[in-house]
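**Q** this is the structure alone, sequence omitted:
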């Protein structure tokens, strides 16, 4: 099946710094990528939808200036957590779909665990 | 608004016994339905999907799911559970018009030897 690579898997940073997480589709072109946040023992919360070459669409309650999303190519989307604080500590997961609409099977990255000290 | 419900937070089953993880959905029209599994500190792995056609869908690792339109359900089943099936399972749905998945809350499966 299609492979989505997410990097880094683990990141620890100091409060006030910014952290960038990359999501790459390795063997297909991803017209749409999704970013999720998952709290311990909870479901995935959709943060935003990014389409290649256009601005991301954020879900209600997600701060655009806090969570910067860039989808500059068909194989790469990045999530930057700006001025991170301990409450931003979470497990972030990206997913990608090869086609716009259709059956839209999502392929997930392995997730990135962010810990803000 | 569409929603997906997984009524059980946790399911315990003995190894070798049948496993069922329940899922109901509320999506207008004919939905696409998915099951994913998540192991600790990992992303989601695709198990199976229902798009159209036969209501019984067979997926990876011996799992299957039955689409029931009248009950708006898509329960995941495995005839004989393995200890290695212990994980977090997510049901998801999307309408045919959009591309956003709505996830259920997840069900933790614990298979005891």
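**A** Now that the structure is in, tell me what you want to look at. In this text the structure is predicted, and so the values were computed from the model without any measurement.

**Q** gap between residue A:48 and chain B?
**A** According to CB to the nearest CB, to the nearest Å, residue A:48 stands 11 Å off from chain B. Glycine gets a C-beta too; all of them are placed from N, C-alpha and C.

**Q** pretty sure that residue sits in a strand.
**A** Yes. Counting by DSSP: H, G, I helix; E, B strand; the rest coil, residue A:48 falls inside a strand.

**Q** quick one: contacts for it?
**A** When contacts are counted by CB atoms under 8 Å, 6 or more residues apart in numbering or on different chains, residue A:48 touches A:34, A:35, A:56, A:57, A:58, A:59, A:62, A:67, A:69.

**Q** so which helix or strand takes in the last one?
**A** Looking back up the chat, that one is residue A:69. Remark: residue A:69 resides in strand A:67-73, with elements defined by DSSP states H and E.

**Q** residue A:28 too?
**A** Using DSSP H and E, no helix or strand contains residue A:28.

**Q** tell me how far it lies from chain B.
**A** Distance from residue A:28 to chain B, by CB to the nearest CB: 14 Å.

**Q** what's the answer for residue A:33, then?
**A** From residue A:33 to chain B the distance is 11 Å (CB to the nearest CB).

**Q** let me know whether that residue touches residue A:94 as I believe.
**A** Yes. Counting by CB atoms under 8 Å, residue A:94 is a contact partner of residue A:33 at 5.9 Å.

**Q** next, show the common contact partners of the two.
**A** What both residue A:33 and residue A:94 touch, as defined by CB under 8 Å, 6+ apart, is the set A:23, A:77.
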